[in-house]
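A.B. asks: From the sequence below, what's the structure:
(one chain, ligands or ions: 1)
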Amino acid sequence: MKLKSTARIKEINKYGLQFFAACLAYEHQYHDELVDDELTITSANDSEHGAKGSYHYIDQAWDLRTRDKTKGQTAQLASFLKRELGYGWDVVIEKDHIHVERDTRNYPDNYPDKENDN
Ligand SMILES: [Zn+2]
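C.D. replies: This is a model prediction of the structure:
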């Protein structure tokens, strides 16, 4: 996993740890010895992210580079992350990156968990 020089991680919270773990799991599963296919975080809590309420500003969103991936690899990465991260996470394929966020406003941590209902 690499970090673009302009990307700033201000805080590593529990969501950050989950995100990094999911990225490492993807690399572990799909790494090809013959190519440089490390994932690159192009943005974290830095620069302008449009909407004031962006999760980027509270260290709950990260962008991953896709220009070094085929369409198929990008889709594979997005669905891997969605599956790995699960509840409360949004994984969106944008024009030139994959945006990943932990949406705690709509899916707070204390949302009833079906598995622990009894
Ligand atoms: Zn983003």
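A.B. asks: is the longest helix that the chain contains up against the ion anywhere?
C.D. replies: Counting by DSSP state H, the longest helix found in the chain is helix 14-30. No: counting by C-beta under 5 Å from the ion, the ion is not contacted by helix 14-30; separation bottoms out at 11.8 Å. From N, CA and C alone the C-beta is placed, and that goes for glycine too.
A.B. asks: So the residue most central in space within the chain, which state does it fall into?
C.D. replies: In the chain, the centroid-proximal residue (C-alpha atoms, centre = their mean) is Val100; its distance is 3.6 Å. Under DSSP: H, G, I helix; E, B strand; the rest coil, the three-state class of Val100 is strand.
A.B. asks: Surely it is in contact with Trp62?
C.D. replies: Yes: contact criterion C-beta atoms under 8 Å: Val100 and Trp62 qualify, at 5.4 Å.
A.B. asks: Name all residues that sit in contact with those two at the same time.
C.D. replies: Phe19 (C-beta atoms under 8 Å, 6 or more residues apart in numbering).
A.B. asks: Neighbours of whichever residue of the chain sits closest to the ion, how many?
C.D. replies: Using C-beta to the ion, the single residue of the chain nearest to the ion is His99, 3.6 Å away. Per other C-beta atoms under 10 Å, the neighbour tally for His99 reads 19.
A.B. asks: Was I right to think it contacts Thr66?
C.D. replies: No: under the criterion of C-beta under 8 Å, His99 is not in contact with Thr66, lying 10.4 Å apart.
A.B. asks: if we can go back for a sec, convert the longest helix of the chain to CSV, retaining C-alpha atoms only.
C.D. replies: Extracted in CSV, the C-alpha atoms of helix 14-30 (Å, rounded to 0.1, in the frame of the first residue of the first chain):
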residue,chain,number,x,y,z
LYS,A,14,-10.9,2.3,14.0
TYR,A,15,-12.4,2.9,10.6
GLY,A,16,-9.0,3.7,9.2
LEU,A,17,-7.7,0.5,10.6
GLN,A,18,-10.6,-1.5,9.0
PHE,A,19,-10.0,0.3,5.7
PHE,A,20,-6.2,-0.4,5.7
ALA,A,21,-6.8,-4.0,6.7
ALA,A,22,-9.2,-4.5,3.8
CYS,A,23,-6.7,-2.9,1.3
LEU,A,24,-3.9,-5.3,2.6
ALA,A,25,-6.3,-8.3,2.3
TYR,A,26,-7.0,-7.3,-1.3
GLU,A,27,-3.3,-7.0,-2.1
HIS,A,28,-2.6,-10.3,-0.4
GLN,A,29,-5.2,-12.0,-2.5
TYR,A,30,-4.6,-10.4,-5.9
